[in-house]
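> I'd like to go over a predicted model; first the sequence, then the structure.
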2 protein chains.
Amino acid sequence: MSLSQSALTPLSRVRVAVDCMGGDHGPSVTLPACQAFLAAHPQAELVLVGTPEALAPAASWPRVTCVHASETVLMDDTVEVALRRKRDSSMRVAINQLKASGEGAEPLAHVCVSAGNTGALMAVARYVLKTLDGIDRPAIATVMPNRLDGFTTVLDLGANVDCSAEHLLQFAVMGSALVGAVSGKADPSVGLLNIGEEVIKGSDTIKRAGELLREAAARGHLHFHGNVEGDDIFKGTTDIVVCDGFVGNVALKTAEGLASMLGDMIRQEFTRTPFAKFAALIALPVLRHFKTRVDPRRLNGAALLGLRGLVFKSHGSADAFGFEQALTRAYDAARNRLLDRVHDRILDTLQALNAQPVAGGADDTVQAA
Amino acid sequence: MSLSQSALTPLSRVRVAVDCMGGDHGPSVTLPACQAFLAAHPQAELVLVGTPEALAPAASWPRVTCVHASETVLMDDTVEVALRRKRDSSMRVAINQLKASGEGAEPLAHVCVSAGNTGALMAVARYVLKTLDGIDRPAIATVMPNRLDGFTTVLDLGANVDCSAEHLLQFAVMGSALVGAVSGKADPSVGLLNIGEEVIKGSDTIKRAGELLREAAARGHLHFHGNVEGDDIFKGTTDIVVCDGFVGNVALKTAEGLASMLGDMIRQEFTRTPFAKFAALIALPVLRHFKTRVDPRRLNGAALLGLRGLVFKSHGSADAFGFEQALTRAYDAARNRLLDRVHDRILDTLQALNAQPVAGGADDTVQAA
């Protein structure tokens, strides 16, 4: 792995652009989260983007720059509306902060965080930032908890419904860079999500992706474990699980749905009878510890990978604690130069594999805005 | 819906063929399960298939016929081995019991249950029984628990990795027949698993499947709810969730993996400290009730649909209680004439939609054995 030296030295001064208007709750969640984040990260700086009224309380905060935007992308706005009608949205202006204003100039921010709607965020980010060389399609990567009390990074989570084998390879490379940057593992392992461990399993695309991944691994470009199944996400069999966006989205939503159902059932059981309520009182510290351990807010913050800028997506329904986690995740990624790492890894792997960007892939869904 | 009269009158005498050698544990699990099943179903009859030694204890049981088979399909046997090398396997002989020995003769059994390996079971069943007219590909349907304290039927679970829109329609029709037979709902609702509720979401195949399903619904052939997402499986938004085998398999394994991790974490939390152990003692009845409610063994028994005979698949690792549930599920389906229902529904829907069997679909994976 020949990462350039620059990729390995953490940035000393990181500025995070925050779309303060996005998400189900807007500034009532994002501002308290920003305040908590600043208190916990004395080196960090924030660029807050929103309407003047919304940002008024933050005007005097230290290490904060306020940038005004007149519009807000709503949670049910279409990509079309977000891209073409709301050019002065807080989402778009926040992403704009990642672009340098001129040749040789520093961009105002190193990473952007928004809790706005995923489709709009991906489309705007892709339109404003463009994809990295060698990347046909950006991917969304999130983390899910595993049995090892760590987490498994899963991508793609819904940006791409039909993926070629080459796309899956690109996801593996980007995921490796992400885990390398965030968790410090030099050589994180990659699993290809499939319906069995044997190499003969799966569709033609999956089998071909397996070949590409084995080839890349043989050349030392990534650590390919082999096929994994849905339950391996939670076993922590590999650091990274790669799949197309349709499958990843279904897996994530299925897991969220099951966790939520089981959580509600435990609550129901512990309130069903007077005795159960008494038992709940006694068991409260145990139940609380369990709840903290499986709290999905801790893992909030999905990375949009493959763009010429770092964008993180918070769950739309996140509360202040959850949004703060997304800010932290974004800050850590930028500090550890995730963008350079993805760029270097992609360059290394794709050059060596002699792969060409896949025809029809690059920016084929986003037209001029 | 014009179901023929025969499909609505339950069978009075149902014989279940049991592959007693299949699964991780073989006769040590299947025989006790059969005994419990017979005790709970005084009308039921069993056709036990296995080696003479294995079946010896059951020789004198009432309402039991023993049929000998000299071979056993192992859990890691390939489809090839199961189909071509082990023609006298308990799995194959059990499935053979579903075929009448001559013109006008009654088959020895109405439904077959095996805990043997899924790939082999599907291949052997497909080879021996063939698919129903109008069905290109059989599907595997299982049930998952939902918030309504009922269950959601999901198919396909892994028999088909690449599905056309027509296949997904066929799955919807077969799933409707299954739920109609097993739960008695005349008009169960169908959801198409997707990455969003809007009709514009998903791949071209999914969008086309949505069109076919809306068309079938408009003609009154099934009750199509629309797109659903992964979490809707557990919300119980629809009675049936239709997806291709790859996605279904990932969703099932992801859910199993998460449930297992959370179960282990609860156990860990309640044994972590002396106080936690004390709390566990107090909370024991509550925890037990919760465990019973989410016990996956209760829902054991997946249906292989679309064949000219009814085959049910038990989890390979099922214990006697789990295997007994699969027997009961199979018995109920046969008693309620699932095979006739699937046949009638398929005929109705496909004739009306003027659909032709899809080229290259029928029996394209199984060659002469």
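Yep, it's here.
> per-residue confidence at the closest residue to A:T153 other than its chain neighbours?
Distance criterion CB to CB, 6 or more residues apart in numbering or on different chains; nearest residue to A:T153, sequence neighbours excluded, is A:I240 at 4.8 Å. Placement of C-beta: from N, CA and C, glycine included. For A:I240, the pLDDT comes out at 98.
> got it, and A:R293?
86.
> Convert the C-alpha atoms of the one helix or strand it maps to to CSV, please.
Counting by DSSP states H and E, the element that carries A:R293 is helix A:274-294. The C-alpha trace of helix A:274-294 is given here as CSV (Å, rounded to 0.1, in the frame of the first residue of the first chain):
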residue,chain,number,x,y,z
PRO,A,274,-47.3,-5.0,38.3
PHE,A,275,-44.7,-7.7,39.0
ALA,A,276,-43.0,-6.9,35.7
LYS,A,277,-42.8,-3.2,36.6
PHE,A,278,-41.2,-4.2,39.9
ALA,A,279,-38.7,-6.4,38.1
ALA,A,280,-38.0,-3.5,35.7
LEU,A,281,-37.1,-1.3,38.7
ILE,A,282,-34.7,-3.9,40.0
ALA,A,283,-33.2,-4.6,36.6
LEU,A,284,-33.0,-0.9,35.6
PRO,A,285,-29.2,-0.5,35.8
VAL,A,286,-28.8,-3.7,33.7
LEU,A,287,-31.4,-2.6,31.2
ARG,A,288,-29.8,0.8,31.0
HIS,A,289,-26.4,-0.6,30.4
PHE,A,290,-27.8,-2.8,27.6
LYS,A,291,-29.6,0.2,26.1
THR,A,292,-26.4,2.3,26.0
ARG,A,293,-24.5,-0.6,24.5
VAL,A,294,-26.9,-1.0,21.6
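> A:G245 against A:G158, yeah?
Yes - counting by CB atoms under 8 Å, A:G158 is a contact partner of A:G245 at 4.5 Å.
> how about the nearest residue to A:L262, chain neighbours excluded?
B:L262 (6.1 Å).
> what number of residues lie near A:G236?
Using other CB atoms under 10 Å in any protein chain shown, A:G236 is surrounded by 18 other residues.
> is it true that A:G306 touches A:I135?
Yes - contact criterion CB under 8 Å: A:G306 and A:I135 qualify, at 3.9 Å.
> what do the two both touch?
Common neighbours of A:G306 and A:I135, counting by CB atoms under 8 Å, 6 or more residues apart in numbering or on different chains, are A:170, A:174.
> what packs against the helix or strand bottoming out on mean pLDDT in chain A?
The weakest-scoring helix or strand in chain A, judged by mean pLDDT, DSSP states H and E, is helix A:338-353 (a mean of 81). Where contact means 3 or more CB pairs under 8 Å, 6 or more residues apart in numbering or on different chains; DSSP states H and E, helix A:338-353 is packed against helix A:165-183, helix A:204-218.
> domain assignment for chain A?
Annotated domains of chain A cover A:1-138+A:306-369, A:142-296 [automatic domain parsing].
> So for B:S28, which of these sits nearest?
domain A:142-296 (25.6 Å; CB to CB).
> buried residues in the least confident helix or strand of chain A?
Residues A:338-350, A:353 are the ones in helix A:338-353 that count as buried (16 or more other CB atoms under 10 Å in any protein chain shown).
> closest to B:N300 out of the domains of chain A?
Shortest distance between B:N300 and those, using CB to CB, is found for domain A:142-296: 17.0 Å.
> Which parts of the stretch 51-200 of chain A are helices?
Counting by DSSP state H, counting those that start in this stretch, the stretch 51-200 of chain A has helices at residues A:52-55, A:79-80, A:90-96, A:118-129, A:165-183.
> Same list (those) but as TSV, adding mean neighbour count.
Putting those into TSV (neighbours: other CB atoms under 10 Å in any protein chain shown) gives the following:
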stretch	mean neighbour count
helix A:52-55	16
helix A:79-80	16
helix A:90-96	27
helix A:118-129	24
helix A:165-183	26
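> To B:A302, which of these lies closest?
helix A:165-183 (28.6 Å).
> Phi, psi for the residue in the stretch 51-200 of chain A positioned nearest to chain B please.
Using CB to the nearest CB, A:I195 is the residue of the stretch 51-200 of chain A that sits closest to chain B, at 4.2 Å. Note on A:I195: its backbone torsions stand at phi -100, psi 20 [degrees, to the nearest 10].
> doesn't B:V250 make contact with it?
Yes - contact between A:I195 and B:V250 holds when scored by CB under 8 Å: they sit 7.0 Å apart.
> Name the residues contacting each of the two.
A:E229.
> Neighbour count for those two, which is higher?
Set A:I195 next to B:V250 and count neighbours by other CB under 10 Å: B:V250 wins out with 27 against 23.
> Let me know the helix or strand that that one is in.
Using DSSP H and E, B:V250 maps to helix B:245-269.
> Just the mean pLDDT for that helix, thanks.
Mean per-residue pLDDT for helix B:245-269: 93.
> which other helices and strands contact that helix?
helix A:232-235, helix A:245-269, helix A:274-294, strand B:139-145, strand B:151-155, strand B:189-193, helix B:274-294.
> Taking helix A:118-129 as reference, get the angle to the second one.
Interaxial angle of helix A:245-269 relative to helix A:118-129 (axes from the mean of the first three to the mean of the last three CA atoms, to 10 degrees): 140 degrees.
> Identify the residue spatially nearest to the residue of the stretch 51-200 of chain A closest to chain B, adjacent ones excluded.
Nearest in space to A:I195, with sequence neighbours left out and distances taken as CB to CB, 6+ apart, is B:N249 at 4.2 Å.
> who touches the one you found in this structure?
Contacts of B:N249 (CB under 8 Å, 6+ apart): A:195, A:229-230, B:157-158.
> How about the contacts made by A:D88?
A:D88 touches A:69-71, counting by CB under 8 Å, 6+ apart.
> Show me which of these are buried.
In the contacts of A:D88, burial by neighbour count holds for A:69, A:71, counting by 16+ other CB under 10 Å.
> State the distance spanning the first to the last residue of stretch A:236-246.
Distance across stretch A:236-246, first residue to last, is 21 Å (CA to CA, to the nearest Å).
> okay but A:L155 is in contact with A:V342, surely?
No - contact criterion CB under 8 Å: A:L155 and A:V342 do not qualify, at 11.8 Å.
> okay, and the common contacts of these two?
Contact criterion CB under 8 Å, 6+ apart; residues shared by A:L155 and A:V342: A:174, A:305.
> just to revisit the earlier point, next up, the contacts around the residue nearest to A:L262.
Contact analysis of B:L262 by CB under 8 Å, 6+ apart lists A:259, A:262, A:294.
> What residues does A:G180 make contact with?
Contact analysis of A:G180 by CB under 8 Å, 6+ apart lists A:186, A:188, A:341, A:345.
> Apart from its neighbours in sequence, what residue is nearest A:V49?
A:A94 (4.2 Å).
> pretty sure that neighbour is touching A:V111, no?
No - with contacts counted by CB under 8 Å, A:A94 stays clear of A:V111, the gap being 10.2 Å.
> Thank you kindly, that will do.
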